[in-house]
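Sharing a sequence plus its predicted fold:
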Amino acid sequence: MKITNLIAALVFGCFICFWTSCVSVYRPIQPEDLTIDDYLISIDGANVQIGMDYDVLTGPHNKLYAKMEKKNKVSLVLLDIHNSGQKELNITQDLVFQNSNEDHIIPFAIEAGLGYLVDPVTNEDNSGVVEVEVDSWIWGAGKAVNDTKKVVSHVKFVSDMSVNYLDNLVLLPGKGLKGFLVLPVKKHTPLDISLRQDF
C-alpha cells in the first residue's frame, strides 16, 4: 500500500512538473542588450538617425508575448535614435510612421500597447474578486503554478516596458537613446519613418 502511494505521488509530481513547465518564464528585454544592424533612416537636414528592429520578442522565453503580438497583429519594436541636431525631439509627436499606402501609423500609449501583449491570467469582475474555476485538485494545483508563473512574468515584462517605453519622451540635442514602442501593424510590415513637416 505504501509503495502504491509513493508511485502515485511520483507520477503526480512528474505530471505537475511537466505541465507547469509549459509556461515559460519571461527573460528580461533590455534595449542596451539588443542590436540594430542597419539604420532605417538618416534625416540629414535634421541630423537625426533612426534604427528599428522588429525582432524584440524572439527566443523561447518570450514566446508568450510573441504569440500575443501575432494574435493581436501588433509589433513591439526597438528604436535606436540619435539626435545630433539642434532641436529637441519628442519621440511620439515628432516622428511620423507610414506604411506603403502612406497611412499614418500611430504608436500606442504604453497602457494600450501592453494590453495587446499581456494576456489575462484569470477572469476578474468589477468588484476586484478574481474567479478561478477548479475542476479538481490536480487541475487546480497545476493551474495555480502556471498562473503564478504568468503573473510573475507579466509583472517583470510590464516593469521592463515601463522603464524603456518611448511614449512622449523628449530626446535632447546631441543625445541618443534606445527604447520600445508598440505599433498597430503586423510584424515586419515595411514602414517609412520621417519627421513631421514643421520640425
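In hand now; what should we look at? Residues are numbered from 1 along each chain as shown.

quick one: the strands in this structure?
Assignment of strands within the chain using DSSP state E yields the ranges 41-43, 48-53, 75-83, 89-90, 95-98, 104-105, 123-124, 130-131, 170-171, 175-183, 192-195.

can you put these in a markdown table and add mean pLDDT and mean neighbour count?
No exception for glycine: its C-beta is placed from N, CA and C like everyone else's. What follows is the strands of the chain, written out as a markdown table (pLDDT from 0 to 100; neighbours: other Cβ atoms under 10 Å):
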| stretch | mean pLDDT | mean neighbour count |
| --- | --- | --- |
| strand 41-43 | 71 | 14 |
| strand 48-53 | 90 | 20 |
| strand 75-83 | 94 | 22 |
| strand 89-90 | 92 | 19 |
| strand 95-98 | 92 | 18 |
| strand 104-105 | 94 | 12 |
| strand 123-124 | 48 | 10 |
| strand 130-131 | 44 | 10 |
| strand 170-171 | 94 | 16 |
| strand 175-183 | 95 | 19 |
| strand 192-195 | 88 | 16 |
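
got the ones you listed as JSON lines, with distance to residue 29 columns?
Rendered in JSON lines, the data for the strands of the chain read as follows (distance: least, Cβ to Cβ, whole Å):
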{"stretch": "strand 41-43", "distance to residue 29": "23"}
{"stretch": "strand 48-53", "distance to residue 29": "11"}
{"stretch": "strand 75-83", "distance to residue 29": "9"}
{"stretch": "strand 89-90", "distance to residue 29": "23"}
{"stretch": "strand 95-98", "distance to residue 29": "21"}
{"stretch": "strand 104-105", "distance to residue 29": "22"}
{"stretch": "strand 123-124", "distance to residue 29": "26"}
{"stretch": "strand 130-131", "distance to residue 29": "27"}
{"stretch": "strand 170-171", "distance to residue 29": "21"}
{"stretch": "strand 175-183", "distance to residue 29": "8"}
{"stretch": "strand 192-195", "distance to residue 29": "21"}
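
Among the ones you listed, which comes closest to residue 116?
Within the strands of the chain, the stretch nearest residue 116 is strand 175-183; the backing value is 6.4 Å (Cβ to Cβ).

Does anything pack onto that closest one? Which helices or strands?
Secondary-structure packing of strand 175-183 (3 or more Cβ pairs under 8 Å, 6 or more residues apart in numbering; DSSP states H and E): strand 75-83, helix 91-94, helix 110-117, helix 137-164.

which one of the ones you listed has the lowest average pLDDT?
Among those, helix 137-164 carries the lowest mean pLDDT, at a mean of 74.
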